[in-house]
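# Starting from these lines, generate the structure:
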Amino acid sequence: MSQNATTAPVRSTLSLHQLGVFCGVAAAVWLGAAEAPTKLVNEGFSPFIISMGMVMGAFVARWTVPTLLKGTGFLFGDLLDKPHLIVWAVLAGMLWAVGNTLTIFAVRNVGLAIAFPLWNTNSLVGLAWGCLLFRELHGSKPKDWAKVIGGAAAIVFGATVLAWATAQSSGAPGRAEIGIIAALGAGLMFGTMYIPYRKAYISGMNPLSFVTIFTFGELGTVYLLTAINLGGVSPVAAELHRARTMLFWPFLGGFCWVIGDLFQQYAAKYIGIGRGISLSNTNQLWGLAWGALVFGEFVGLSGSGRALVITGSIIMIVGAVSISMAEPPPSEMENWYKAMRRECDRYKLDSGTVAAVVSGEDPLADTENPRRWWEVVIMLAAFGIFAWLAIGTRAQHIAISLPWMTVLIVGTLIPLFVVGSMLWKRTRFS
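Residues are numbered from 1 along each chain as shown. From the prediction side, this is the model:
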């Protein structure tokens with residue numbers, strides 16, 4: 001790929017690899033915080049209703065955040081320039097919806113602190129797809145392969161340790177096994193979901209455009225799963241009405257998940273799905289923090305069980321960091337560019353424009369994309385939905401630690417502004 005294919009001056013000296021790493025860290029923080037509302041499943045609400053509440057929040061976020069940052073003119077222009085990727089975006093949304101529903105079952109059966117690291121084995125799945133389909137790691141030095149393979153082995157071993165700790169500490173026969181299977185199944189869905197993402201980004205599509213279409217796949221699939229499980233449309237409406245007093249929390253969780261997902265997709269775009277997803281999977285640190293510090297999930301766990309959970313988590317984190325720190329050398333990057341040129345040839349895309357986008361530039365931003373009046377309506381509608389849900393919300397019977405929750409909320413907001421500023425200065429959210 002030509003490094004001279006640019007349409008605007010570079011606005012920051014930050015390298016794309018560094019930017020991708022920072023985005024992966026920010027994604028970890030937000031993805032970890034977004035799963036906290038799934039604790040409501042332990043209050044007797046259906047996992048499908050919790051999942052639907054999160055997806056409704058995600059649906060709102062996937063329209064409002066991209067519209068706020070780039071405008072509807074830019075989004076529609078990007079989508080119309082690459083219409084073949086629309087079906088891939090819908091497919092990715094469907095995979096995410098299945099995976100997200102499985103995470104609710106996992107949390108119900110084994111708890112947030114345990115389930116989180118197990119479904120984060122999606123980094124292994126993403127790594128495999130990245131190597132097989134997009135030539136990631138091809139051309140790397142043996143030491144880089146060693147970092148990645150060693151990190152993958154550490155993730156598997158850490159997951160095994162966590163599964164063992166769960167089985168030993170669970171007081172309900174059969175519940176741990178169901179939770180483990182659900183969490184691992186979610187990891188498979190999430191890992192496979194990144195195939196359409198990576199395909200879109202090496203084709204020059206903006207992550208903000210992609211997630212706007214992604215949301216139709218996730219919302220439709222979750223609604224279908226919920227209707228089938230509950231026995232039709234009327235039971236779904238009845239369950240949503242019964243859950244009205246708590247819907248604000250999974251809705252907020254879904255909104256936060258989208259912010260984390262956007263950071264994750266920028267990481268996948270600039271350092272690949274093998275490295276980017278592995279780095280964002282350190283969200284287990286925040287999952288453990290929310291589960292243990294805010295919800296007190298470790299209170300009934302034995303000393304040996306706690307040691308196993310902490311040890312397994314540390315091992316998985318070390319593995320993820322090892323993978324993410326294997327910076328791609330020029331020889332590997334050439335294979336990335338070959339995958340990009342393959343997509344350009346297949347779908348008749350302008351290779352110069354795609355190369356510029358892959359390099360962090362924003363050619364579409366140079367075209368006329370005026371703001372539209374309906375964008376204000378979209379923002380007001382989103383605010384209205386939040387306000388309506390908040391007004392009808394009641395306190396749920398879940399013991400929490402307010403001081404720790406305050407600390408974690410502040411820790412979640414910091415990377416939003418810091419890394420968001422980095423993305424704007426370096427790429428203008430390209």
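# Which helix in this protein has the most residues?
Secondary structure of the chain per DSSP state H: the longest helix is helix 248-280.
# tell me the average confidence for the helix or strand following it?
Counting by DSSP states H and E, the element after helix 248-280 in chain order, helix or strand, is helix 284-289. Regarding helix 284-289, the rounded mean pLDDT is 76.
# How about stretch 57-71?
Here stretch 57-71 scores 90 as its mean pLDDT.
# Residues contacting that stretch, please?
75, 206, 208-209, 211-212, 214-215, 218-219, 250-259, 262, 369-372, 375, 378-379, 382, 385, 429 (Cβ atoms under 8 Å, 6 or more residues apart in numbering). Placement of C-beta: from N, CA and C, glycine included.
# Filter those residues down to the buried ones.
Neighbour-count burial (16 or more other Cβ atoms under 10 Å) applied to the contacts of stretch 57-71 gives 75, 206, 208-209, 211-212, 214-215, 218-219, 250-259, 262, 369, 375, 378, 382, 385, 429.
# burial count for residue 153?
14 (other Cβ atoms under 10 Å).
# could you say which helix or strand contains residue 48?
In the assignment (DSSP H and E), residue 48 maps to helix 47-70.
# which is the next helix or strand following that helix?
Note on helix 47-70: by DSSP H and E, the next helix or strand toward the C-terminus is helix 72-81.
# Go through that next one and flag the buried ones.
72-75, 77-79, 81.
# Let me know whether residue 278 touches residue 123 as I believe.
Yes: counting by Cβ atoms under 8 Å, residue 123 is a contact partner of residue 278 at 4.1 Å.
# any common contacting residues for these two?
Counting by Cβ under 8 Å, 6+ apart, the residues touching both residue 278 and residue 123 are 155, 320, 323.
# Adding distance to residue 178 as columns, could you present the buried residues of helix 72-81 in CSV?
Output for those, formatted as CSV (distance: Cβ to Cβ, whole Å):
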residue, distance to residue 178
72, 43
73, 47
74, 44
75, 40
77, 46
78, 42
79, 40
81, 45
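# For the residues you listed, name the two members farthest from one another.
72 and 81 (14.6 Å; Cβ to Cβ).
# tell me the angle of the helix holding residue 48 relative to helix 72-81?
110 degrees (axes from the mean of the first three to the mean of the last three Cα atoms, to 10 degrees).
# Buried residues of helix 47-70, list them for me.
47-67, 69-70.
# Could you tell me the angle between it and helix 248-280?
Between the axes of helix 47-70 and helix 248-280, defined by the same axes, to 10 degrees, the angle is 70 degrees.
# So what's the gap between helix 47-70 and the chain middle?
Taking Cα atoms, centre = their mean, to the nearest Å, the mean C-alpha location of helix 47-70 is offset from the chain mean by 12 Å.
# just stretch 292-309 next, same as before
26 Å.
# now do stretch 248-266
Taking Cα atoms, centre = their mean, the mean C-alpha location of stretch 248-266 is offset from the chain mean by 7 Å.
# What average pLDDT does it get?
pLDDT averaged over stretch 248-266 gives 90.
# quick revisit: just the shared contacts of residue 278 and residue 123: which are in strands?
Among these, no member falls in strands (criterion: DSSP state E).
# Let me have those in JSON lines, extended by pLDDT, distance to residue 266 and neighbour count.
Converted to JSON lines, those look like this (pLDDT from 0 to 100; distance: Cβ to Cβ, whole Å; neighbours: other Cβ atoms under 10 Å):
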{"residue": "155", "pLDDT": "75", "distance to residue 266": "22", "neighbour count": "27"}
{"residue": "320", "pLDDT": "76", "distance to residue 266": "17", "neighbour count": "28"}
{"residue": "323", "pLDDT": "74", "distance to residue 266": "18", "neighbour count": "28"}
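# Redo these as CSV? Include distance to residue 303.
Formatted as CSV, the shared contacts of residue 278 and residue 123 follow (distance: Cβ to Cβ, whole Å):
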residue, distance to residue 303
155, 25
320, 26
323, 31
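# What is the nearest of those residues to residue 26?
So of the shared contacts of residue 278 and residue 123, ranked by how close each gets to residue 26 (Cβ to Cβ), first place is residue 320, at 14.9 Å.
# pretty sure the closest one is touching residue 274, no?
No: counting by Cβ under 8 Å, residue 320 does not reach residue 274; the two are 10.8 Å apart.
# overlap in contacts of the two?
residue 123.
# Skipping its backbone neighbours, what lies nearest residue 323 in space?
What sits nearest to residue 323 in space, not counting adjacent residues and going by Cβ to Cβ, 6 or more residues apart in numbering, is residue 151, at 3.7 Å.
# OK, contacts around that neighbour?
Taking Cβ under 8 Å, 6+ apart, we find residue 151 in contact with 278, 318-324, 326.
# By neighbours, which of the residues you listed wins?
The residue in the contacts of residue 151 with the most neighbours, by other Cβ under 10 Å, is residue 278 (33 neighbours).
# residues in contact with that residue?
Residue 278 makes contact with 123, 126-127, 151, 155, 319-320, 323-324, according to Cβ under 8 Å, 6+ apart.
# Could you identify the most distant pair in the residues you listed?
126 and 319 (13.4 Å).
# Who are the contact partners of the residue most central in space within the chain?
Centroid-nearest residue in the chain: residue 261, 3.5 Å away (criterion: Cα atoms, centre = their mean). Each residue near residue 261 by Cβ under 8 Å, 6+ apart is listed here: 27, 31, 211.
# Kindly report the same for residue 225.
For residue 225, the contact set (Cβ under 8 Å, 6+ apart) comprises 48, 51, 97-98, 101.
# Cool, thanks, talk later.
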